[in-house]
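*Asks:* Sequence first, then the predicted structure:
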Amino acid sequence: MNPALFSKVLRGFMNNTSKTELTVSQSQAVHHKDGPLLVLAGPGSGKTRVITYRIASLIESGVRPYNICAITFTNKAAEEMRQRAILLGSSAGAQISTFHSLCVRILRQYAAQAGIKPGFTVYDDSDQSKCVKEAVKKCELDTTSFAPARMLDAISTLKNKLIDPESFKGQAGDFFSSKLSKVYSNYQKLLGEHNGLDFDDLLMKVAFLLRDYPDVREQLNNRYKYLLIDEYQDTNHAQYTIAKYLAVAHNNICAAGDPDQSIYRWRGADIRNILAFEKDYPNAKVVKLEENFRSGASILRKADNLIAYNKNRKVKVLVPTKTEPGFVDVSGYYDETEEAQMIAEQVNDLAAKGVSLKNVAVFYRVNAMSRVIEEALFRNKIKYQIVRGVEFYRRKEIRDLLAYLKVLVNPDDEVSLLRIINTPSRGIGKVTIDKVKNYASENGISLFDALGKAGQIKVLPKGTQAKLAVLHNMFVQFQKDALGKAAPVAERVFKESGLEQMLRSEGAEGQNAIENVSELINAASKFDQSATTNGGEESNLLDFLQQISLFSDADSYDTVSDCVALMTLHAAKGLEFENVFIIGLEDGILPHERANYADDEDELEEERRLFFVGMTRAKSALYISFAKYRTIRGQTLRSIPSQFLYELDSDFEKKEQSESESQVEEYDDFEDEQDEPEEFVPGQLVRHESFGLGRVKKFVDMGANSIIQIKFNTGQTKSLMLKYANLTKVDN
C-alpha cells in the first residue's frame, strides 16, 4: 500500500475507533502527541490497547514507524503488543520489545563503544552461577561462607544501581563488602574473557553507553523520537536511566503503569520512578484509566478496600463496566490438604457447569506451595499445567545443544565449550582439559583457539592432540552456517556432533530427550518463519539464542490447552482468568515472612500490592483461602489469618470469631482442659527449642488455642500455637 493510501486508511480507522472503541480517558492518552505523558492505568483498564492505538495515532499524525520505540517487560507482552499493532497496520519498522531485547540490539550495534564483541553470549542463571563460583575460588574464599547465589544477588543489586566494580571498590568498608568487591571484579573479568554478559550487564552497559557517549545518545534520540514504556512502575534504576537518556533530547516519553501493581522490589524495581514522574517532567500530561473492563464489581470493591491501606500510591478508584457483579468467597480450612481437596472439588463443580479448565487458575505466594495442589488435582483427574516454562530450557539435552550453538556464535564462551567438550564422550578428560586451559592461559588465547593449536601442546599425547583437532575442525565447519537461520543449523549440529546418536543409544529415556530436542528445533523453525527481527532486519541463529536467554516463566503459559493453570502470584502479572483461586492467606505466607523479618512498611506494602494483582486477575469469580495449620519446611504450625483478609472485608473479623466459637469442640480433642494457658505480653523475651531467643510481637488470646507471634534474633518472625510451642520465658 502506498504511503498516501495507508495514511488515509489509518486516519479513517483511528477516527472510527476513537469514537466507538475508546473511552474518554483512553482517547486522551492515545491522541496526545508531543511532550511527556503519564498514563496511570488500573488493572483491566485497556492499557495495552492504549499503547498500540497510540502507536497507530502517532503514525497517522506523520511520525515514521522507524522513530517509535515501545518497551515492555516480558516477551509475551511484547508479542501481544506487536500482534495488536499488526492488526492496526502500524507495526512495520517500529521497535516493540522488552528492555533487555532493546539493550541487546543497542549493544550489538555499538559493541565497540561498549567494550564488547558483537557476538556476545547472554549468560543464563546456570552460566552465571558457574562464573561466580570460579570468581569466588579465584579470591580463595569458601563457597559455604560466600555462597555463589548470595554473591550473584549482591552483584545484581549493585548493577541495577549502576555501581560497577571500580566504583564499588571505593565503597566497600566492611569485611563482607571488601570480599564482595573482589568477587565482583573477578566475575566481571571472567565474563569479559568469555565475551559473555549477564542480564544485568545488558542494562548497565547500555545505561553507561548512553551516559558516556554523547554521539551514541544523539543517534538513538534521533532514531527513537517517541518512547513508550509499559509497566513503568516496575523499572529499576538502570532502566529508569536508559529511559531518561533515550528521551533526553525531545522528552517525548509516555510512561504507562500503575503504582498499585509494582511487585518487583526484590529485583530492583523502584516504585519512586513512577511516583516521581511529574517531578522529573513538570509539564507532563497525566491521564488516569480507571474504567475496568475485566472484573465484576464485587471483586473490584474488595480490591479497592485492600489497596487503600497503602500510602505509596496515586489514588484512583476502579470503576466496573461489566454488568455481572462477580463473586468473591473467602474460606478457611483445617490444613493445606483440606484446602487443596476443596479447591479440586470446586474446580470439578465449575467443569460440571460447563466452565473450561483453561479459564481456571490457582495462585500461590511461593512455588513450594504447588505440590499439595498438584496432588489433589491429580487424584481428582483434573488436567493442569505449571507455569514455570524456563524448566524446559534447563533440561540436559537442551542445554547441551544450546551450548554447541552458543560456541558457534561466540567461540570465547568458555562455559559453554567446557560443557560439551566431552559430550558425547570423546576421551577428553579433566587432565587433558586442564592442560589445554594452561596452554591457553600461558599464550594469552581463548580455550577455543587453544583447541586449534592442539598439535603444539607438547604435553599431550599424539592421539589426544588428534581428538582435539577433530573437535575444533567440526566447530569450524559448523561456523560456516552460524549466520544463517536457526533451525537448519540446530538440526545439523544435533546430528553431526554425535548428540543424536548418543541419545538414541540411551533407550526410552534417550527417546524422550530426542523429542525435547525436536521441540527446540520446532521453536527455532517458528522463529525463522518470522523472517525478520523486531527492527526489520534478517533474523539468524544469534537472534534466536538471545531470545531464548531472555525467556521468562510467563512466556511459557499455554493459553490454548484445556487445563488449570498453577502459578505464583508474580507469574500471574499480565494474565486474566474467569475463575481465580488464591491460597495461603496467612501471616508469614501472604504477607511473606520477609515483610515481618525486615519490619519494613515498604515490604508490607509490596506484599499488599502482590495480593491486589492476584485479585484483579479474576474476571467472574475469586476464591480466597487460608488454613488453620500448614506444614512449612517439615513443621506443622498453627497459622494466623493474613491481615489482608481483615483489610479487604471489615466483616471478616466477626465471621472469624463466630467460626472459632462454633469450632471449639473440634480443637478440644487436642487440648488438656485442665491446663490454663500461660499469658505473654508484647516485648517479652522468650526462648524456643529450635528458633532460639526472640521477643513476643503479638499475643492472640484464644484460650487453649492461643497464638503467639515472635520475632527471633535470627530475624525470622514466626506465628506459633502456644500449647505446642514449648516456650520458656527469659528475664530481660
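*Replies:* Received, thanks. Keep in mind the model is a prediction, meaning the values are calculated, not measured.

*Asks:* could you list every residue that touches residue 570?
*Replies:* With contacts defined as CB atoms under 8 Å, 6 or more residues apart in numbering, residue 570 is in contact with 263, 264, 610. (C-beta placed from N, C-alpha, C; glycine too.)

*Asks:* now do residue 272
*Replies:* No contacts exist for residue 272 under CB under 8 Å, 6+ apart.

*Asks:* what do you get for residue 713?
*Replies:* By CB under 8 Å, 6+ apart, the contact set of residue 713 is 692, 693, 694.

*Asks:* who wins for most neighbours among those residues?
*Replies:* Highest neighbour count within those, by other CB atoms under 10 Å: residue 694, with 24 neighbours.

*Asks:* Which pLDDT value belongs to it?
*Replies:* Note for residue 694: predicted pLDDT of 89.

*Asks:* try residue 662
*Replies:* If you check residue 662, the pLDDT there is 46.

*Asks:* Where does the prediction get shaky in the stretch 551-700 of the chain?
*Replies:* Low-confidence segments of the stretch 551-700 of the chain (pLDDT under 70): 551-558, 596-599, 633-634, 650-677.

*Asks:* And the helices in it?
*Replies:* Assigned by DSSP state H, counting those that start in this stretch, the helices in the stretch 551-700 of the chain fall at 593-598, 601-615, 643-648, 652-662, 664-668.

*Asks:* Was I right to think residue 404 contacts residue 492?
*Replies:* No. Applying CB atoms under 8 Å as the test, residue 404 and residue 492 come out as separate, 10.1 Å apart.

*Asks:* Overlap of the contact sets of those two?
*Replies:* With contacts defined as CB under 8 Å, 6+ apart, the residues shared by residue 404 and residue 492 are residue 478.

*Asks:* Least confident secondary structure element in this structure?
*Replies:* helix 664-668 (a mean of 39; mean pLDDT, DSSP states H and E).

*Asks:* Which residues does stretch 217-227 contact?
*Replies:* Contact with stretch 217-227 is made by 58, 63, 66-69, 71, 95, 106, 210-211, 243, 245-250, 252-254, as judged by CB under 8 Å, 6+ apart.

*Asks:* Out of the contacts of residue 570, which comes closest to residue 432?
*Replies:* Among the contacts of residue 570, residue 264 lies closest to residue 432 (CB to CB), at 44.8 Å.

*Asks:* Now do the longest helix that the chain contains: distance to the chain's middle.
*Replies:* The helix that spans the most residues within the chain, counting by DSSP state H, is helix 507-529. Relative to its chain's centre, helix 507-529 lies at 25 Å (CA atoms, centre = their mean, to the nearest Å).

*Asks:* contact partners of whatever helix or strand comes next after it?
*Replies:* Next helix or strand after helix 507-529 toward the C-terminus (DSSP states H and E): helix 541-549. Helix 541-549 is contacted from outside by 75, 101, 104, 119, 121-124, 393, 402, 405-406, 408-409, 481-486, 489-490, 524, 527-528, 533, using CB under 8 Å, 6+ apart.

*Asks:* that older thread, the more surrounded of residue 404 and residue 492?
*Replies:* Between residue 404 and residue 492, counted using other CB under 10 Å, residue 404 has the larger neighbour count: 23 against 14.

*Asks:* List the contacts of the longest helix of the chain.
*Replies:* Here helix 507-529 makes contact (CB under 8 Å, 6+ apart) with 392, 395-398, 401-402, 485-487, 490-491, 494, 499-500, 502-504, 506, 539, 543-544, 547.

*Asks:* No further questions, thank you.
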